[in-house]
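Asks: Here is a sequence together with a model predicted from it:
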Amino acid sequence: MRLRLLLLALGTFAVGTDSMVMAGILDGIADNLGVSVSAAGQLVSVFALSYALLAPVLATLTARWDRRRLLLTALGVFTVANALSALAPGYGTLLATRGLAAAGAALYTPTASGVATALAPPERRGRALATVLGGMTVATALGVPVGAYLGSTDWRLTMWLVVALGVAAFAGLALLMRGLPAPAAGAPGLRERLTPLRDRRVVAGAATTLTFFLAFNAIYIYLATAVRPATGGDQGRLSLILLVTGIASVAGSWLGGRLVDRLGVRTVLLAGSVAAGLAFTALPWLSRSLPGALVYAVVSPLAGWAVGVALPHRMASIAPANAPLLISLNSSALYLGVASAGAVGSGAMAVLGERWFPLVSAGLAVVAWGLSFTTTARPADAGRAVGAREAGARVRELSSSAGRAE
């Protein structure tokens, strides 16, 4: 099982590198294609919005597909799209290929997350999700810096790096991801699969995901600006902060999986939102010095990615038979948060200034905490953390649902 999870994580590593590295090569793209940096920035928005809109639709349309076939199709589309991006002769073509790459990513990540929960026993599903989602966090610590370095010479080399990662993940899954259960002949149709969308818990879960990742990314996108007093504009200091952020993201994902299994989703959501909110609130003061900025670079992603593991686990627990759709909805909410964060962060800076704009994220973290507090079930005995066991029981069906879990 461990090797399969790592192969799934390799795919999410490729997706994470592709979705996050673009911000580091926008200048090169703008110069090469003769467009403004703001126009090049639309490549990030198109990817995020395409992902958000397509994830639940594709999850529904492919509900009866064999899981292995679905994983390989998703990676194939994603990899081919990035190859086309590398070969794009102009801005319009590149914009179109970014949308196509998002379609492959939107199909792959929820499927990989669902397959991870199906492969693991109930008491270890939080850790299984953390392993697969860990590919995204490792991308922030390794894939993005390497991709940005290659892109400093030629942005197309960054695209070829993502292609190579996609090919490696495709080959590994093609060889070793066998024996997954096939969808049942009586798999629910479109109308039945959309039934959970009328569940208030689903809406609340998606709203929590959107709010939290909006808060987190409204700062992350403008982190260089937020910590400029600590770096003095020095690229080496900024690189150090980004490196620490990436490492803490990996640790947060690992820790989140274990805490979800041990303490339950509710506890992780509430504690993580508080920790992240305190970090956002303190950033205007922490950013005055490099040690302070490094403290933020540890605490914020550590809490943020722990919450990031708990959120899809919560969604999958609501209606196990519809876990693929629910996880894809969680992904959609996440990417809507990412897509909106640029405008929210920019607006916050315009109103509050470069030092104080993180306070908007602190306010959003309070909203996310409130949503989690009011819409998640209390464990019967918090001292013994039975919430994790109850969540595991609710998703037990995933491992025997004839492949409907992605």
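Replies: Happy to help now that I have it.
Asks: Excluding chain neighbours, what is closest to residue 213?
Replies: Leaving aside its chain neighbours, residue 213 sits nearest to residue 337 (3.3 Å; criterion: C-beta to C-beta, 6 or more residues apart in numbering). Every C-beta, even on glycine, is put in place using the N, C-alpha and C of the backbone.
Asks: pretty sure that neighbour is in contact with residue 207, am I right?
Replies: No. The criterion here is C-beta atoms under 8 Å, and residue 337 misses it with residue 207 at 10.3 Å.
Asks: Those two: which has the busier surroundings?
Replies: Using other C-beta atoms under 10 Å as the criterion, residue 337 and residue 207 rank with residue 337 on top: 23 against 15.
Asks: related to what we said a few turns ago, could you grab the helix/strand/coil label for the residue nearest to residue 213?
Replies: Of the three states, residue 337 takes helix under DSSP: H, G, I helix; E, B strand; the rest coil.
Asks: ok, it - contacts?
Replies: 209, 210, 211, 212, 213, 214, 216, 217 (C-beta atoms under 8 Å, 6 or more residues apart in numbering).
Asks: And residue 75, which helix or strand is it part of?
Replies: Residue 75 belongs to helix 67-87 when assigned by DSSP states H and E.
Asks: er, residue 175 actually
Replies: Using DSSP H and E, the element containing residue 175 is helix 155-176.
Asks: Check which helices and strands the helix or strand hosting residue 293 sits against.
Replies: Per DSSP H and E: residue 293 is located in helix 290-318. On a contact count with 3 or more C-beta pairs under 8 Å, 6 or more residues apart in numbering; DSSP states H and E, helix 290-318 meets helix 91-119, helix 125-138, helix 200-220, helix 228-231, helix 235-263, helix 265-286, helix 323-352, helix 386-394.
Asks: got TSV for those, with distance to residue 41 and mean pLDDT too?
Replies: Below are those laid out as TSV (distance: least, C-beta to C-beta, whole Å; pLDDT from 0 to 100):
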stretch	distance to residue 41	mean pLDDT
helix 91-119	11	87
helix 125-138	21	74
helix 200-220	14	89
helix 228-231	20	90
helix 235-263	19	83
helix 265-286	23	94
helix 323-352	8	81
helix 386-394	39	43
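Asks: Quick one, which of these gets closest to residue 367.
Replies: With C-beta to C-beta as the criterion, residue 367 lies closest to helix 200-220 of these, at 5.2 Å.
Asks: SS state for residue 65?
Replies: coil.
Asks: Just the buried positions in the helix holding residue 175, please.
Replies: By 16 or more other C-beta atoms under 10 Å, the buried positions in helix 155-176 come out as 155-163, 165-170, 172-173.
Asks: which strands and helices sit next to it?
Replies: helix 2-21, helix 26-33, helix 67-87, helix 144-151.
Asks: what domains does the record give for this protein?
Replies: 1-182, 196-396 (automatic domain parsing).
Asks: and the residue nearest to residue 299 when sequence neighbours are not counted, what does it touch?
Replies: Excluding its sequence neighbours, the residue lying closest to residue 299 (C-beta to C-beta, 6+ apart) is residue 279, at 4.4 Å. Neighbour list for residue 279: 286, 296, 299, 300, 303 [criterion: C-beta under 8 Å, 6+ apart].
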